[in-house]
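**Student:** how would this look folded up:
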Amino acid sequence: MTSSALLDAVGAVVDPELRRTLGELGMVRAATMEAGIARIGLALTIAGCPAADRIERDVRAAAQTVEGVASVEVEIGTMSAEERAALIARVRGTRTNRFGPGTLTRVIAVGSGKGGVGKSTVAANLAIAFSRRGLKVGIMDLDVHGFSIPGLLGIAGARPNRVDALVMPPEAYGIPAISIGMFVEGDEPVSWRGPMLHRTIEQFLSDVWFGELDVLVVDLPPGTGDAAISFGQLVPNAEFLLVTTPQPAAAEVAVRAGLLARRLGQRLLGVVENMSGLPQPDGSVMELFGAGGGSATAERLATPEDPVRVLASIPISIALRAGGDAGTPIAMTEPGDPAAVAFRELADAVIAAGPSRAGRPLI
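**Tutor:** Model prediction:
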């Protein structure tokens, strides 16, 4: 006989990749119980589904919670092409660009005027800091020619899984992350020009399934080239966080990236000054890269209608550098380090600057 309690329990299990319940996804084909034996029939998306073992384990555990169940038998099958198409339609909905205008997900684009200022390090640790604040966070690495998010998060070599055209990104520290580095082998260069970059950004925005997010952190390429322009056209609702260093020469270049974001209609959240100084044992700070670059950038970008301020100054930190090399972001592993404290303060400043959700539906 069919047990409604059994069906409810099994249907509430969450698919770890699609981040929806098995009931919502139509994956439970049968849930019957007789003489204390629960028999569960599942239809997974593809043969050899990498999440199959975890799903089966979670289903067995859920079934065991139902009164009267003494043992559990699970039969796993595979969806037909038609069933997969229906599932993808349910998951994706009617929006092709889930992060464009109208989305309830805050899109925080982290950009810079030039490379080498620690933009990706800021993006990775900011995402971790958001997650530790209880937000559902995803990371999209659009620095196509200089991708480093997989390495910074300790998932270099990880590959996304696919269900037809739907791409499920791997997770690091509970945060789903996608990067073009997950689609190339070794040191193979990505030598793409404008049209290919634009199509890749479109596909990341439409085909990658992050689940329901509070915040999407986007690591933009440095400068004002094709990728930054394409992203701005596709996601004009993004909020832009500009990273620079204290060095005056870096600050001069950073202003251009901020002006481009504003011209594309993106909201300029503020400036992050990275490598702002090396704390010394006596309490002083060694300014290896000069001083004042962040403030100078903010002042040059500020207008009477749109004031811009420095949201955080990230000090030079040996632990920050070591964590980046090891794939263990300091915001997760060394919460007492001054740089980690600065990332938490940055996350708080960005959260506080967000729009109110009062009166808006959650879905």
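**Student:** tell me where the chain has helices.
**Tutor:** Ranges of helices within the chain are 4-11, 22-25, 52-64, 81-92, 119-132, 149-152, 194-207, 226-234, 248-263, 293-301, 318-326, 330-333, 338-352, based on DSSP state H.
**Student:** in CSV: those, plus distance to residue 182 and mean neighbour count.
**Tutor:** All C-beta atoms are positioned from the backbone trio N, CA, C, and that covers glycine. Output for the helices of the chain, formatted as CSV (distance: least, C-beta to C-beta, whole Å; neighbours: other C-beta atoms under 10 Å):
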stretch, distance to residue 182, mean neighbour count
helix 4-11, 31, 19
helix 22-25, 24, 19
helix 52-64, 20, 17
helix 81-92, 20, 14
helix 119-132, 15, 27
helix 149-152, 6, 24
helix 194-207, 11, 17
helix 226-234, 17, 20
helix 248-263, 25, 20
helix 293-301, 32, 22
helix 318-326, 18, 16
helix 330-333, 21, 23
helix 338-352, 24, 20
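**Student:** lowest-confidence stretch among those?
**Tutor:** Lowest mean pLDDT within these: helix 81-92, a mean of 81.
**Student:** that one vs helix 194-207, what angle?
**Tutor:** Relative orientation of helix 81-92 versus helix 194-207 (axes from the mean of the first three to the mean of the last three C-alpha atoms, to 10 degrees): 90 degrees.
**Student:** who touches helix 81-92?
**Tutor:** 18, 20, 24-26, 43, 45-46, 79, 98, 163-166, 206, 209 (C-beta atoms under 8 Å, 6 or more residues apart in numbering).
**Student:** try 6 Å this time
**Tutor:** Identification of contacts with helix 81-92 by C-beta atoms under 6 Å, 6 or more residues apart in numbering yields 25, 45, 164, 166.
**Student:** follow-up on the earlier one: which of the helices of the chain sits closest to residue 277?
**Tutor:** Using C-beta to C-beta as the measure, helix 338-352 is the one of those that comes nearest residue 277, at 10.0 Å.
**Student:** who does that closest one touch, helix- and strand-wise?
**Tutor:** Using 3 or more C-beta pairs under 6 Å, 6 or more residues apart in numbering; DSSP states H and E, the elements in contact with helix 338-352 are helix 119-132, strand 310-314, helix 330-333.
**Student:** can you list those in a markdown table and add distance to residue 178?
**Tutor:** Output for the helices and strands packed on helix 338-352, formatted as a markdown table (distance: least, C-beta to C-beta, whole Å):
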| stretch | distance to residue 178 |
| --- | --- |
| helix 119-132 | 12 |
| strand 310-314 | 25 |
| helix 330-333 | 19 |
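**Student:** if we can go back for a sec, mind giving me the ChimeraX select for the contacts of helix 81-92, buried ones only?
**Tutor:** A single ChimeraX command selects the buried members of the contacts of helix 81-92 (16 or more other C-beta atoms under 10 Å):
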select :25,45,166
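**Student:** what's the farthest-apart pair in the contacts of helix 81-92?
**Tutor:** Longest distance between any two of the contacts of helix 81-92 is 14.0 Å, between 25 and 164; criterion C-beta to C-beta.
**Student:** domain ranges for the protein?
**Tutor:** As assigned by automatic domain parsing, the chain contains the domains 4-92, 106-352.
**Student:** returning to that earlier point: okay, the helices of the chain in JSON lines with distance to residue 279 next?
**Tutor:** Supplementary listing: the helices of the chain in JSON lines, determined by distance: least, C-beta to C-beta, whole Å:
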{"stretch": "helix 4-11", "distance to residue 279": "53"}
{"stretch": "helix 22-25", "distance to residue 279": "50"}
{"stretch": "helix 52-64", "distance to residue 279": "43"}
{"stretch": "helix 81-92", "distance to residue 279": "47"}
{"stretch": "helix 119-132", "distance to residue 279": "18"}
{"stretch": "helix 149-152", "distance to residue 279": "22"}
{"stretch": "helix 194-207", "distance to residue 279": "38"}
{"stretch": "helix 226-234", "distance to residue 279": "33"}
{"stretch": "helix 248-263", "distance to residue 279": "21"}
{"stretch": "helix 293-301", "distance to residue 279": "17"}
{"stretch": "helix 318-326", "distance to residue 279": "10"}
{"stretch": "helix 330-333", "distance to residue 279": "14"}
{"stretch": "helix 338-352", "distance to residue 279": "6"}
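**Student:** from residue 115, how far off is the closest residue to residue 129 other than its chain neighbours?
**Tutor:** Nearest non-adjacent residue to residue 129, counting by C-beta to C-beta, 6 or more residues apart in numbering: residue 347, 3.7 Å away. To residue 115, residue 347 is 24 Å away according to C-beta to C-beta, to the nearest Å.
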